[in-house]
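Novice: Structure for the following, please:
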Amino acid sequence: MGAGVLVEASVASLLDWALKRARELGADEAEVSVALSSSRQVKSEGTHLKALSRRSIDAWVRVSKGKRFAVTTVTSLERKPLEEAIEAAVTLASKAEEDPYWEGLPDPEPPLHSWVGYDQGVASAPTSWLLELARDLIAEAQRRPSIRVSATFVSAGESEYHVANTRGVSASDRGTHFSYGVELKAVGAGEGVGFSSVSSRGLHVDIYGVLERATALALDSMRGEKLGTVVKGNVLFRAEPFASLVDALLVPALNALSVLEGFSPLRDKVGQRVLGQLTVVDDGTMVGGLETSLFDAEGVARRRKVLFDRGVLKGFLHNTYTARRMRCESTGNAARVRGAVAIARTNLVIEGGEDSEETLASSSAVVVDGYLLSVHTVNPITGNFSVVASNPYLVKNGELKPLKPVTVSGNIYEVAGGLRPARRVKNTHTGVYTPDVLLSGLTVSG
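Specialist: Modelled structure (predicted):
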């Protein structure tokens, strides 16, 4: 965009004006941030394609008066609506309740790495090219016996972010994202579904790899049999479903806001072994990472933070507010959620272990592949989960026998001692980089 809406100098000038105006209106401190994004997407229901495009402008104003602060938002960079947002923020802050823990906005600091996830190929990819790629996905899928196309998508987008505050923070970053995927249905003696997708910061295309995985899952699913009993024992989660389980179950517990509010089961566990032998790192500096950036939403430099070291909890994910409350350094994980400054992970990396995937599979009763249904119902406060696996397999006589969907349940902390990661770490194209992981003592039914 190149800022396709405003050149960088214009944004800097606007932010400088906005900060001065906030001070003139009585703010002790002020922060103004701007996000500009555009995306082009082609998707289908069945084989019927449609193209969509979107552009957005969002600006956030955060001001403080003493220990009172407020946030307002506006979807324009025109001076009049932005000034109105500033005035509203100052008025709201003057009437807000004091927060005894408020210690101000972050101080400026340089970035800790130099990789920028911006690819000109993604930024300039026309909708016509995205349409052609989607047509190729559909055409290649239709050449496969017993396979029908349920849905496809191809998406390319770019964004830029600018943030400045009255303490001297002046940070900006930009990035691109490219993704494509397909959901296939296998039709024969029964029906089965398989889904596969790829996401990256650059323009990398391998439609055959996506189609091979989706096809294999769909055909196995079609042949799947009902488990018909309850099994309790070892379950091997392939990387993709394990990534979604970790995102829903573990990441919220690592959020320092949850810790401060008493909603995290990990709140008193720093220094204790609570996750078996797993080493988990949040790395916002990873070259090529799906969630890599120079700065977080407050303009704090992204970092590499070890969360678990061989199962021992080392700390939590912080923004400036939570870090100051807990007397530690921000981990550079501030994020904007509907205007509020929240906390979000970056690239979550789970290190590999010593076992091969084959060894772990042979030690399991069930292998979970595909994706998880109802993962939003897990309980990050207790660690309990009960999810439906779309593409499970029964391990029988050393072979994987496809099953119909099954329910897998347990408590991540109760079975933590038996967590065994495979050797190879995989890119799940979700920002989570993890090996297959074996969990012991789970209950499988279906």
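Novice: drop to CA atoms for contacts and neighbour counts, all remaining ones
Specialist: Noted.
Novice: Enumerate the positions of stretch 295-305 that are buried.
Specialist: Within stretch 295-305, the residues scored as buried using 16 or more other Cα atoms under 10 Å are 295-305.
Novice: Mind jotting down where the helices sit in the stretch 251-400 of the chain?
Specialist: 256-260, 320-325, 357-362 (DSSP state H, counting those that start in this stretch).
Novice: pLDDT (mean, whole number) over the last one?
Specialist: Confidence for helix 357-362, expressed as mean pLDDT, is 97.
Novice: Ala141 reaches Leu211, doesn't it?
Specialist: Yes. Contact criterion Cα atoms under 8 Å: Ala141 and Leu211 qualify, at 6.8 Å.
Novice: Show me the buried residues of stretch 295-305 that map onto strands.
Specialist: Mapping the buried residues of stretch 295-305 onto strands (DSSP state E) picks out 304-305.
Novice: any chance of the buried residues of stretch 295-305 in TSV, plus distance to Ile350 and pLDDT?
Specialist: Shown next, in TSV, are the buried residues of stretch 295-305 (distance: Cα to Cα, whole Å; pLDDT from 0 to 100):
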residue	distance to Ile350	pLDDT
Phe295	22	98
Asp296	22	98
Ala297	24	97
Glu298	26	98
Gly299	26	98
Val300	24	98
Ala301	22	98
Arg302	18	98
Arg303	16	98
Arg304	13	98
Lys305	12	98
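Novice: Next, format the buried residues of stretch 295-305 as a markdown table and append distance to Pro81.
Specialist: Formatted as a markdown table, these follow (distance: Cα to Cα, whole Å):
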| residue | distance to Pro81 |
| --- | --- |
| Phe295 | 26 |
| Asp296 | 25 |
| Ala297 | 22 |
| Glu298 | 22 |
| Gly299 | 23 |
| Val300 | 27 |
| Ala301 | 30 |
| Arg302 | 31 |
| Arg303 | 35 |
| Arg304 | 38 |
| Lys305 | 39 |
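Novice: Next, count neighbours for the nearest residue to Leu403 once chain neighbours are set aside.
Specialist: Closest residue in space to Leu403, ignoring its immediate chain neighbours: Gly224 at 4.0 Å, by Cα to Cα, 6 or more residues apart in numbering. Residues within reach of Gly224, counting by other Cα atoms under 10 Å, total 21.
Novice: How about Met222?
Specialist: Neighbour count of Met222, defined by other Cα under 10 Å: 23.
Novice: who's in contact with it?
Specialist: 186-193 (Cα atoms under 8 Å, 6 or more residues apart in numbering).
Novice: List just the nearest of the buried residues of stretch 295-305 to Ser39.
Specialist: Comparing these against Ser39 with Cα to Cα places Ala297 closest, at 20.3 Å.
Novice: Could you verify my assumption that Asp107 touches Arg167?
Specialist: Yes. Using Cα under 8 Å, Asp107 is in contact with Arg167, at 5.8 Å.
Novice: Can you work out which residues contact both of these two?
Specialist: Counting by Cα under 8 Å, 6+ apart, Asp107 and Arg167 have no contacts in common.
Novice: quick revisit: which pair of the contacts of Met222 spans the longest distance?
Specialist: Ala189 and Val193 (13.5 Å).
Novice: Give me the more crowded residue out of those two.
Specialist: Using other Cα under 10 Å as the criterion, Ala189 and Val193 rank with Val193 on top: 25 against 9.
Novice: Report the strands that pair with the helix or strand hosting that one, each with its relative direction.
Specialist: Assigned by DSSP states H and E, Val193 falls within strand 191-200. Note on strand 191-200: by DSSP bridges, its sheet partners are strand 170-187 (antiparallel).
Novice: Work out the gap between the strand it pairs with and the centre of the chain.
Specialist: 12 Å (Cα atoms, centre = their mean, to the nearest Å).
Novice: What's the mean pLDDT across it?
Specialist: 97.
Novice: ok, now stretch 81-101?
Specialist: On average, stretch 81-101 scores 97.
Novice: Enumerate the positions of it that are buried.
Specialist: 82-83, 85-94.
Novice: and which of those residues is nearest His204?
Specialist: For the buried residues of stretch 81-101, the nearest to His204 is Leu82 (38.7 Å; Cα to Cα).
Novice: Please list all residues in contact with that closest one.
Specialist: 18, 59, 74, 76.
Novice: that older thread, which one among the buried residues of stretch 295-305 gets closest to Ala335?
Specialist: The nearest member of the buried residues of stretch 295-305 to Ala335, counting by Cα to Cα, is Ala297 at 5.0 Å.
Novice: Once you drop chain neighbours, what's closest to Val74?
Specialist: According to Cα to Cα, 6+ apart, the nearest residue to Val74 is Ala59 (5.3 Å).
Novice: Now do the same for the one you found: its pLDDT.
Specialist: You'll see Ala59 listed with a pLDDT of 96.
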